[in-house]
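A.B. asks: The sequence and its predicted three-dimensional model are supplied below.
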Amino acid sequence: MDLTRELLLPYQGLNGIDGLCHVRIYEQAGQLPVVIAGGLDDNPGTSITNAIEMVAAAVQRSEFSEGREFRLIEHYPDTVDRQGTPTYSLIGFKHRSINERPDDPGNYAGTIVIVGEQETAVSRGAEIEGDFRNPSWEPPTDSVEELLGCEVTVWEPGTYTARAIGGEPGGRLRSELAANATSRANAIADLLEDDS
């Protein structure tokens, strides 16, 4: 497969605190595209793991708006226990059955958070495009390079940042999202304080 597109992609996060991930798209004629969504070291919002349904929806909206299916791989440059080993997980989603109503918010990723009397849309069912719900994570049976048939760049832990991927524009995008996240977190904290 060939790397055909690489970008920084904002995605809807929990409690309205949006995240930013590194997306690489690999394609080859006759095969489903493979998307690697990378968890940046300086992601200002919800981790890609905790918002994987929204990450998939953002990829669909941004890169496959015509509805083409793709395989999704979650990537981190380091393990949770900081062993310095990159991790990859194949993400599977369950699809809506024919008996389920597509307009039922319970059938899609996302929830509504209610703080006091204020409703905060994390994501309301129909607002998330695609059919991404009930995710599952599995390690690939082969290495990612064997799966893709090409070399995959890996960043050293601590260096996988928006600026390293996107230069100055990537750094500015990350700063904007971080400022929005701080503002959103402060608004939620104020609501909680007003409720007590």
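C.D. replies: Alright, I've got the coordinates.
A.B. asks: List the residues that contact I36.
C.D. replies: H22, V23, R24, Y26, I73, H75, Y88, V144, V152 (C-beta atoms under 8 Å, 6 or more residues apart in numbering). C-beta coordinates here come from the backbone N, C-alpha and C atoms, glycine included.
A.B. asks: can we see that at 10 Å?
C.D. replies: 3, 6, 21-26, 71-75, 88, 144, 148, 152-153 (C-beta atoms under 10 Å, 6 or more residues apart in numbering).
A.B. asks: Mind checking which of these are buried?
C.D. replies: Buried members of the contacts of I36, counted by 16 or more other C-beta atoms under 10 Å: 3, 21-26, 72-75, 88, 144, 148, 152.
A.B. asks: Could you tell me which of these are located in strands?
C.D. replies: Mapping those onto strands (DSSP state E) picks out L3, C21, H22, V23, R24, I25, Y26, L72, I73, E74, H75, Y88.
A.B. asks: so where's the longest helix in the chain?
C.D. replies: Among all segments of the chain classified by DSSP state H, the helix with the greatest residue count is helix 162-195.
A.B. asks: Which one of the ones in strands among the buried ones among the contacts of I36 is nearest to A189?
C.D. replies: C21 (25.5 Å; C-beta to C-beta).
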